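Novice: okay, sequence plus prediction incoming.
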Amino acid sequence: MVEFQLPKLTARVRFPSLAPVHCHWGVILSVGSMLLSGCVTVERSMPEGTQSAAPVTVPETKKEPPRGVYHKVKKGETLWRISQAYNVAIGDIIKGNNIPNGAVIEENQLLLVPGKDAVKEVPPPEAAGDDDTFIWPVKGKVVSHYGDWKAAYLSRGIGIEAPEGETVQAARTGKVVFSDYLNGYGHTVILDHRDNLFSVYSQNQENLVKVGDNVSRGEPIGKVGRKGGSSVLHFEIRKSATPDNPMYYLP
């Protein structure tokens, strides 16, 4: 487990363990055989003159339609911005719409917002300002998604493939609380956005900011580095120390 204390913060940020996960199949097979050996079919005969009971008919219950309102997605809206406008947890919207991991919502898509009775307007990105919206930290192709297994490691962010040396920009206005080499992550920058959200930029060729710097959305903070045979920026969003899917925040 790689762990560090964010400067001037009481919250402790834990990065995912880089230890491989082992599955003890021997234990699983042993338990399975014990369960199977304990399954015995027993036939019972009814006493003479006894009539079998009539089958019981269970009335079908109608499934109630989900409660909530349908929000029509406009250009530039994200799950995070929609959840803020309605004051509903992102997880509730994802669950109510069966949104798969890595999926991106699209313009004109209808989203069920659970538990609400009125449609609300989501302020456009240009009206929200630098403090309330995220942008892509670098332009490129997403080559790995949140929750993907890479060898024995579980990804806590996304990998964005971009040319080596390409400028990495702050995805949102914030303060630099970490800028150094982090074991397992390489050269890393972490920004505190002052609302319990942090953004993480890893595998950098170099960092361009230092701890304590205040940076605006779009400001250069690093350069895309190379790991193995490809140049990829590893990008994370965290609520305190808990990782969340960056695709929910990026337009």
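Specialist: In hand now; what should we look at?
Novice: can you name the residues bridging to residue 153?
Specialist: Beta-bridge pairing for residue 153 (DSSP bridges): residue 150.
Novice: quick thing: my sequence starts at 28, can you match it?
Specialist: Sounds good: first residue 28 from here, last item residue 180.
Novice: so what's the residue count around it?
Specialist: Other residues near residue 180 come to 15 when the count uses other C-beta atoms under 10 Å. Backbone N, C-alpha and C define where each C-beta goes, glycine included.
Novice: check what pLDDT it gets.
Specialist: If you check residue 180, the pLDDT there is 77.
Novice: swap in residue 137?
Specialist: On the pLDDT scale, residue 137 gets 93.
Novice: so what's it bridging to?
Specialist: residue 99.
Novice: okay, now it: neighbour count?
Specialist: 9.
Novice: mind checking how far it is from residue 96?
Specialist: 10 Å (C-beta to C-beta, to the nearest Å).
Novice: again with residue 234
Specialist: 44 Å.
Novice: so those two - more neighbours on which side?
Specialist: Comparing residue 234 with residue 96 by neighbour count (other C-beta under 10 Å), the higher total belongs to residue 234, at 19 against 15.
Novice: was I right to think that one contacts residue 249?
Specialist: Yes - with contact defined as C-beta atoms under 8 Å, residue 234 counts as touching residue 249 (4.9 Å).
Novice: which parts of the stretch 78-227 of the chain are strands?
Specialist: 95-99, 137-141, 168-171, 176-177, 180-181, 185-188, 194-196, 201-209, 213-219, 224-234 (DSSP state E, counting those that start in this stretch).
Novice: for residue 159, find the nearest of those strands.
Specialist: Minimum separation from residue 159 across the strands of the stretch 78-227 of the chain (C-beta to C-beta) falls at strand 224-234, 10.7 Å.
Novice: what comes up buried for the closest one?
Specialist: With burial defined by 16 or more other C-beta atoms under 10 Å, the residues of strand 224-234 counted as buried are 224, 225, 226, 227, 228, 229, 230, 231, 232, 234.
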